[in-house]
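Colleague: Fold the stuff below for me.
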Amino acid sequence: MDIKIGDSFSTTKQITDAVVRAFAELSGDYNPIHLDEEFAKTTQFGKRIAHGMISGALISAVLGYEFKERKVVYLSQTMRFVAPVYIDDTVTATATVTNIREDKPIVTIETVCTNQNGETVVTGEGKIMLLP
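Modeller: From the prediction side, this is the model:
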């Protein structure tokens, strides 16, 4: 295994209106907070926010493509949404190895998503299994 504790992998994506609308179509989540500017203006956010799981999808992208091994099975993921992602924010998802089991090829990762201002928007922890 060519992975060690402290290794970090990331990907960045701008969360455009098109991304949000495509995610709504894919997921079936048409909550107006994501799609209706007039409705969103009446909320505590003051404007539309992206689906939280778009950040989750970016974490999955890190593990599925940016991760060194590129042969992983996602076992679990916790996510805590700590700040909103607004339309046209740029989100960077980062996965950092925090533990590698000795008895099995299972790796624990700290997952963090930040916006273009360096503000944390999502925190969590994942577990993946490395495939041979």
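
Colleague: Am I right that residue 22 falls within a helix?
Modeller: Yes: counting by DSSP: H, G, I helix; E, B strand; the rest coil, one finds residue 22 located in a helix.

Colleague: That one: neighbouring residues, count only.
Modeller: With neighbours defined by other CB atoms under 10 Å, the count for residue 22 comes to 12. Glycine gets a C-beta too; all of them are placed from N, C-alpha and C.

Colleague: how far away is it from residue 114?
Modeller: Using CB to CB, to the nearest Å, residue 22 is found at 22 Å from residue 114.

Colleague: How about residue 12?
Modeller: 9 Å.

Colleague: what is in contact with these two at once?
Modeller: 91, 92 (CB atoms under 8 Å, 6 or more residues apart in numbering).

Colleague: the more surrounded of the two?
Modeller: Using other CB under 10 Å, the more surrounded residue of residue 12 and residue 114 is residue 114, with 21 against 13.

Colleague: and the gap between the more buried one and residue 90?
Modeller: Noted for residue 114: a distance of 9 Å to residue 90, by CB to CB.

Colleague: what's the closest non-adjacent residue to residue 122?
Modeller: On the basis of CB to CB, 6 or more residues apart in numbering, the spatially nearest residue to residue 122 that is not a chain neighbour turns out to be residue 113, at 3.9 Å.

Colleague: after the helix or strand where that neighbour lies, next one along is what?
Modeller: Element membership of residue 113, judged by DSSP states H and E, is strand 106-114. Remark: after strand 106-114, the chain's next helix or strand is strand 120-130, criterion DSSP H and E.

Colleague: quick one: strands adjacent to that next one?
Modeller: strand 72-81 (antiparallel), strand 106-114 (antiparallel) (DSSP bridges).

Colleague: in the protein, what spans have low per-residue confidence?
Modeller: For the chain, the stretches with pLDDT under 70 are 1, 68-70.

Colleague: Please compute how far stretch 96-103 lies from its chain's middle.
Modeller: 20 Å (CA atoms, centre = their mean, to the nearest Å).

Colleague: From residue 119, how far out is the residue in the chain sticking out farthest from the centre?
Modeller: Most distant residue from the mean C-alpha position of the chain: residue 103, 28.2 Å away (CA atoms, centre = their mean). Computed as CB to CB, the residue 103 to residue 119 distance reads 38 Å.
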